[in-house]
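1. Would you be able to build a 3D model of this:
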Amino acid sequence: MTGIGPTSQRPQVPDDAGASRAEVPPPSSAVQRADRMSAANMLRSLLPLVVISLLIVGWIAFKNDPGDPVREVDPSTTIQLAQSRADHPVPVPGGLGEDYRPTSARTDAGNAAEGDAVTLQIGYLTPSGGYAGYVVSGAPDAEAVDAVLDGATEDGVTELGGEQWTRSTTERGETALSRVADGVTLVVTGSADDDELAAVAAAVRP
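-> Numbering: from 1, shown residues only. Below you'll find the predicted structure:
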């Protein structure tokens with residue numbers, strides 16, 4: 001006797017469906033790279049950049065020592081420009097010790113034609129921490145000269161470096177040393193003490 005009832009047979013699964021479950025595609029190269037990009041790898045990659053940055057910061061800090069805020073300059077290029085354009089001698093201080101540190105140098109020679117009268121100014125930090133300014137000009141009414149000597153009171157003459165310099169007291173109460181030679185006016189003045197100003201004047205050489 002036969003009848004219709006539950007059967008033990010399972011429904012047949014198409015072969016292609018089984019194949020699709022078995023054949024899982026391999027992960028892409030992008031996924032593999034992402035798996036390798038761990039925090040440790042990132043730190044190792046950044047380490048050289050951090051070291052280089054620290055070295056740069058350290059070098060800048062070394063060059064700009066907060067214990068010595070003075071910014072020195074090399075006045076030689078400015079001096080050469082003034083001497084090449086001037087129609088007159090441009091003597092400058094020479095042989096000053098290393099404790100006389102040039103901090104500024106400027107000239108109007110850049111706007112002058114060859115043979116014009118020019119003005120050169122050099123500023124020094126002196127050993128005591130004062131300021132000594134040197135001016136040489138082929139124009140007797142140059143602004144840099146007038147700014148020192150206008151209204152100054154002459155106090156006599158002194159010999160420095162084998163030359164006669166006029167000693168004056170400026171309207172600011174500072175000492176000024178000046179002389180005129182071959183139509184060129186030379187001036188030394190500033191907040192430095194008289195001995196340091198005299199040292200700069202005595203160091204002026206052709």
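
2. tell me the secondary structure for the closest residue to residue 189 other than its chain neighbours?
-> Distances taken as Cβ to Cβ, 6 or more residues apart in numbering place residue 176 nearest to residue 189, at 4.0 Å, with adjacent residues excluded. Where C-beta positions appear, they are placed from N, C-alpha and C, glycine not excepted. Per DSSP: H, G, I helix; E, B strand; the rest coil, the secondary structure class of residue 176 is strand.

3. Residue ranges in the protein under the pLDDT threshold?
-> Across the chain, the ranges flagged by pLDDT under 70 are 1-40, 42-43, 58-68.

4. Enumerate every residue touching the spatially most central residue of the chain.
-> The structure's the chain has its C-alpha centroid closest to residue 71; by Cα atoms, centre = their mean the separation is 7.5 Å. Residue 71 makes contact with residue 103, according to Cβ atoms under 8 Å, 6 or more residues apart in numbering.

5. and it, which of the three is it?
-> Three-state call for residue 71 (three-state DSSP): coil.

6. What of residue 128?
-> Relying on three-state DSSP, one would call residue 128 coil.

7. That one touches residue 192, doesn't it?
-> Yes - between residue 128 and residue 192 there is a contact under Cβ atoms under 8 Å: 6.6 Å.

8. what residues are shared contacts of these two?
-> With Cβ under 8 Å, 6+ apart as the test, residue 128 and residue 192 reach no residue in common.

9. Could you check which of the two has the larger neighbour count?
-> residue 192 (25 against 11; other Cβ atoms under 10 Å).

10. domain parsing for the protein?
-> Here the domain assignment for the chain is 15-63, 76-205, based on automatic domain parsing.

11. What's opposite the residue nearest to residue 189 in the beta bridge?
-> residue 168, residue 189 (DSSP bridges).

12. Over to residue 205?
-> Assigned bridge partners for residue 205, using DSSP bridges, are residue 92.

13. sorry, back to before: tell me the most buried of the domains of the chain?
-> Neighbour counts (mean count of other Cβ atoms under 10 Å) averaged over each of these peak at domain 76-205, with a mean of 17.

14. can you tell me the distance between the two ends of it?
-> Across domain 76-205, the terminal residues are separated by 14 Å (Cα to Cα, to the nearest Å).
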